[in-house]
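S.K.: dropping a prediction and its sequence here:
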Amino acid sequence: MILEFENLLDPCYDALESDYARIMEAALDVTNAPKNYEVDVSLVDESTIQSINREYRGKDAVTDVISFAFNDDESELGRIVDEKFPRLLGEIFVCVPRALSQAKEIGNTPERELRFLFAHGMLHLLGYDHMSKEEEAIMFPLQEVILEKAFPKE
């Protein structure tokens, strides 16, 4: 398991690297996913995430988290996974300013919101979605299970 962490903001957010590693490990455990994945995560500002959202999703708006899953190649080559080498599962971009304002709006701590968004992004990388009520009923409780496993009774 490899987490590539990039903080493009204030060094005070560097502590999230260890939190995100714990969440990644918990997400892989909870979903019974292979452990030889690599995930790249970047902490970004509002203009950066808006630009990414506009370019790749066609939505010219700020959002809290964007995930790009790279594990959806169903070709024969795409199914080959060598246990010795990590496979890039995907990229997650977390918009810290948006997360902080959301935390305040909904009564979450900033730490909890930043952790939650990464857990949410991890599940997207692992193939989970929330486009329907049925998918929500699976994905949303899993987010809480992952956070509880990563940070029991904190």
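M.R.: Sure thing, it's come through.
S.K.: which helices and strands does the helix or strand hosting residue 138 pack with?
M.R.: Using DSSP states H and E, residue 138 sits within helix 133-150. Here helix 133-150 touches helix 16-30, helix 110-125, going by 3 or more CB pairs under 8 Å, 6 or more residues apart in numbering; DSSP states H and E. In short, each C-beta sits where N, CA and C put it, glycine included.
S.K.: residue 132: which of those helices is closest?
M.R.: helix 110-125 (14.7 Å; CB to CB).
S.K.: elements contacting the closest one?
M.R.: helix 16-30, strand 37-44, strand 65-69, strand 87-95, helix 96-106, helix 133-150.
S.K.: just to revisit the earlier point, columns mean pLDDT on top of the helices and strands packed on helix 133-150, output as CSV?
M.R.: Below are the helices and strands packed on helix 133-150 laid out as CSV (pLDDT from 0 to 100):
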stretch, mean pLDDT
helix 16-30, 97
helix 110-125, 96
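S.K.: follow-up on the earlier one: residue 7: which of the helices and strands packed on helix 110-125 is closest?
M.R.: strand 37-44 (4.8 Å).
S.K.: hang on, the earlier thing: and the helices and strands packed on helix 133-150, which is most packed in?
M.R.: Highest mean neighbour count among the helices and strands packed on helix 133-150 (mean count of other CB atoms under 10 Å): helix 110-125, with a mean of 22.
S.K.: list the residues that contact residue 62.
M.R.: 46, 49, 50, 53, 95, 98 (CB atoms under 8 Å, 6 or more residues apart in numbering).
S.K.: 7 Å instead, please
M.R.: 46, 49, 50, 95, 98 (CB atoms under 7 Å, 6 or more residues apart in numbering).
S.K.: and which of the residues you listed is nearest to residue 118?
M.R.: The closest of the contacts of residue 62, once distances to residue 118 are taken by CB to CB, is residue 95, at 11.8 Å.
S.K.: isn't the closest one right up against residue 53?
M.R.: No: when contacts are counted by CB atoms under 7 Å, residue 95 is not listed as touching residue 53 (9.3 Å).
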